[in-house]
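Engineer: All I have is the shape, not the residue letters:
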């Protein structure tokens, strides 16, 4: 079934932070935008990063202007979505080797230089620490240290960032299609050489055809695959070097500070408190597998835990409850070590290959997404809306309009302060829209996922207001099922709600829940420890009890 | 001739069955009750056939029935079992539409369940209000607490009245209820008699009252048989040519002619997953060892698929993926296959027997626990 062509100024392919970012920017400039995402918003690297809006401290020596723009943009993101950012104080211990003292001096000086940029992102200046300071702040540190420094960075939920960008784009007229894969796109010479995109909804099998003046390939590591869907763009012009990175998740915040450590090959890794858990990251390895199904391995987990255990031995006794994995769309270079590859971004204009009005956004990182989106949008607006200016750094993201008091909301809607606080963190001022459901219906008060806790209202809100179409989508937006029980207590209930709200047969909700549970089990297995092994055995038994013996 | 003394370590389904079987065979029996295990978290479904001897031993618990049944689950499925906790509804035993009780409790969505059951069964499932939850405090209770409330006959009578009110609004052949029909015992048949229509629980996977009902039934039946029990955890089991010694955590020491290990598998903690990297933190290279260990000392060998563990070929130990995930073509993960190696009479060494989840190569089900428990108890007493 083909629907009549819909006409747009720009078609964006990809629902990560680059795609949603550029869609928002263009929509704010008044352009008509359609966005296609093959899986879900933030499905790839954007939703599986370390979740930081950092200031680019590593570029300070080689390219301080990158540090400056990174810090400035971090400040902008705080302004437009203050509720979504949380402080992550870092600790960098320096071991008491031969050059320990000198190294502390050098690092101290280095961070003194970084302090110049910290006010741009409302961060505290660094502090130089003695051995005893270090111990006081983080008693779990191992060995003898010469000293160290603290420095201040900001954490963010990358999924929420993408979702809010997509929502804002939508509120400014953009059309968002998730779970919709573009199957081919080509210029139509009979219609001013507009691009015509043919897409298919992978859930309903419905076909969507859209016509757009400009097409933007913002598909991250998928970029070459996307380029191959048209005949006039050479996939090699959008080469990326997919770099897989995994994180290990622990059941609680195991340290007070984010602590930096060195892996066995000298790479910098970290353990850091993030939302209500701790995460250890990250690896960077060339990746040659399927981008739609990236799983961690125990080798990667062991590599990370071994490195962290040298400075923070308690990590071995902590309970790992899972892992997550993503693939970075690093700019292509052959023959370089993964870590020395650039995390910079680049816009490819395909006009030179005979494909005018087609662009690819290659590379980029969470911290500079807004800047990258602005660069891309400026280029597109040059032709389509020459008088427009970028307002993404001054226009609030949905929820950033004003501050809301979580405790007052808790009282007003008679929910626990923990639930209120986390809804405010995820939705800002829009928390009231979420909780309005609680006022309307008692069922919305139900705690669906006790680990977080996620309320029924938030699940329903994700479905009706945030493009969640499956249990997996709900989990991504709400963190339902990401706790210690791995979804055992909530996935099935969530499936019931998804089926009810989207008018699907109950068995569809059930099979979505089962698929989610199996995926979570796969991601947990590589980090399996003694306590989690018992939990795993219980999860298997529970699954068998529900489905019987004949599965 | 003095009677044999059999010590059963573990009080789950396997331990209880072993104790009752050894007792029935004429042995003097002592049961060491540890902590919560898999049976305490049972859903109440019996998956697997049992022979007549096992059924008659297990009937002493007065808890389960061993007839094929069709049960409804809180996951929204209808499924067959070989037997069940008596509180669970058997939909094969009734005809006509089924009333699914709608109650004001967040862990229960009768409309979703009714719609889900109706997908595979045409008899008609109707969700209708039954005011079983009477106040805000009960709304916040867990299944097991609400089940305990219904141990009170007066409360059960109130429930019956409320159910009858709902039944009057339609024509029903059965009533499906949340898992609240008693913590000390299953009150489904009393309730059904009061209501006049068969009433029963929906199965919940791990947080229902079926495990509590088991613990009460076990305590009653052991007491009735005058089998002595100790609440402690086992530290060490040792054997000589003439006897076995069992040392407990609280310092007590038992002598026995035979010991039955019913200490459970990974879920219960009887078998611990011991990843190699823990040792890696202290020693390089670390000592080579199997990825699993018994939670206490005993003269038995752990293994899987019929053989003992071999030395792993990695200094970090076995890859966890191969432990927690099913390999293609395998029915169970290694977490469920690991256990004590035994001969065909469930003998792990001369005087030590094993049963239930502690065994290698047996399904992690109540049925398998009862069957192996009875067999091990009989063998230990002989």
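Structural biologist: Noted; the coordinates are in hand. All of these numbers come straight from a predicted model, not from anything done at the bench.
Engineer: can you list the domain ranges for the chain.
Structural biologist: You didn't say which chain, so I picked chain A. Each domain of chain A is listed here as a residue range: A:6-46+A:159-239+A:342-384, A:85-155+A:242-331, A:406-547, per automatic domain parsing.
Engineer: think we crossed wires, I meant chain B
Structural biologist: B:5-61+B:212-381, B:89-202.
Engineer: now do the same end-to-end measure for the first one.
Structural biologist: Start to finish, the residues bounding domain B:5-61+B:212-381 are 8 Å apart (C-alpha to C-alpha, to the nearest Å).
Engineer: Quick one, which of the domains of chain B gets closest to residue A:464.
Structural biologist: Among the domains of chain B, the nearest to residue A:464 by C-beta to C-beta is domain B:89-202 (17.2 Å). For every residue, glycine as well, the C-beta is placed using N, CA and C.
Engineer: What is the distance between that closest one and the centre of its chain?
Structural biologist: Chain-centre distance of domain B:89-202: 23 Å, with C-alpha atoms, centre = their mean, to the nearest Å.
Engineer: Kindly report the same for stretch A:201-218.
Structural biologist: 23 Å.
Engineer: Please apply the same query to stretch B:301-314.
Structural biologist: Using C-alpha atoms, centre = their mean, the offset of stretch B:301-314 from its chain centre is 27 Å.
Engineer: in it, what counts as buried?
Structural biologist: Of all the residues in stretch B:301-314, those buried under the rule 16 or more other C-beta atoms under 10 Å in any protein chain shown are B:301, B:302, B:303, B:304, B:309.
Engineer: Please apply the same query to stretch A:511-528.
Structural biologist: When burial is assessed from 16+ other C-beta under 10 Å, stretch A:511-528 yields the following buried residues: A:512-514, A:516-517, A:519-528.
Engineer: ok so, going back, out of the domains of chain B, which comes closest to residue A:490?
Structural biologist: The closest of those to residue A:490 is domain B:89-202. By C-beta to C-beta, the value is 10.9 Å.
Engineer: in the stretch 101-250 of chain B, which spans are strands?
Structural biologist: Here the stretch 101-250 of chain B has its strands, by DSSP state E, counting those that start in this stretch, at B:125-129, B:174-177, B:199-201, B:228-231, B:234-239, B:244-248.
Engineer: got the contact list for residue B:359?
Structural biologist: B:339, B:340, B:342, B:346, B:372 (C-beta atoms under 8 Å, 6 or more residues apart in numbering or on different chains).
Engineer: if we can go back for a sec, can I get the buried residues of stretch B:301-314 in CSV including secondary structure and pLDDT?
Structural biologist: Shown next, in CSV, are the buried residues of stretch B:301-314 (DSSP: H, G, I helix; E, B strand; the rest coil; pLDDT from 0 to 100):
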residue, secondary structure, pLDDT
B:301, coil, 96
B:302, strand, 96
B:303, strand, 95
B:304, strand, 94
B:309, coil, 90
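Engineer: tell me the two of those that are most distant?
Structural biologist: Taking C-beta to C-beta, no two of the buried residues of stretch B:301-314 sit farther apart than B:301 and B:304, at 11.0 Å.
Engineer: The domains of chain A: which one's closest to chain B?
Structural biologist: domain A:406-547 (3.6 Å; C-beta to the nearest C-beta).
Engineer: Now the residue nearest to residue A:146 when sequence neighbours are not counted, what are its backbone angles?
Structural biologist: Taking C-beta to C-beta, 6 or more residues apart in numbering or on different chains, and ignoring the residues beside it in sequence, residue A:146 has residue A:100 as its nearest neighbour in space, at 3.0 Å. For residue A:100, the backbone dihedrals (degrees, to the nearest 10) come out as phi -50, psi -50.
Engineer: returning to that earlier point: where among the domains of chain B is the average confidence lowest?
Structural biologist: If those are sorted by mean pLDDT, domain B:5-61+B:212-381 sits at the bottom with a mean of 93.
Engineer: quick one: that one to chain centroid distance?
Structural biologist: 13 Å.
Engineer: Could you do stretch A:389-408 as well?
Structural biologist: Taking mean C-alpha positions (C-alpha atoms, centre = their mean), stretch A:389-408 and its chain are 19 Å apart.
Engineer: ok, residues contacting that stretch?
Structural biologist: Stretch A:389-408 is contacted from outside by A:21, A:24-25, A:28-29, A:73, A:76, A:79-84, A:164-165, A:167-168, A:171, A:370, A:373-374, A:377-378, A:417, A:420-421, A:423-424, A:427-432, using C-beta under 8 Å, 6+ apart.
Engineer: Give the buried residues for it.
Structural biologist: Of all the residues in stretch A:389-408, those buried under the rule 16+ other C-beta under 10 Å are A:390, A:392, A:393, A:396, A:397, A:398, A:399, A:400, A:404, A:406.
Engineer: Ok, stretch B:310-326 next?
Structural biologist: For stretch B:310-326, the neighbour count (16+ other C-beta under 10 Å) marks B:316, B:317, B:318, B:319, B:320, B:321, B:323, B:324, B:325 as buried.
Engineer: now stretch B:336-348
Structural biologist: By neighbour count on 16+ other C-beta under 10 Å, the buried set for stretch B:336-348 is B:336, B:337, B:338, B:339, B:340, B:341, B:342, B:346, B:347, B:348.
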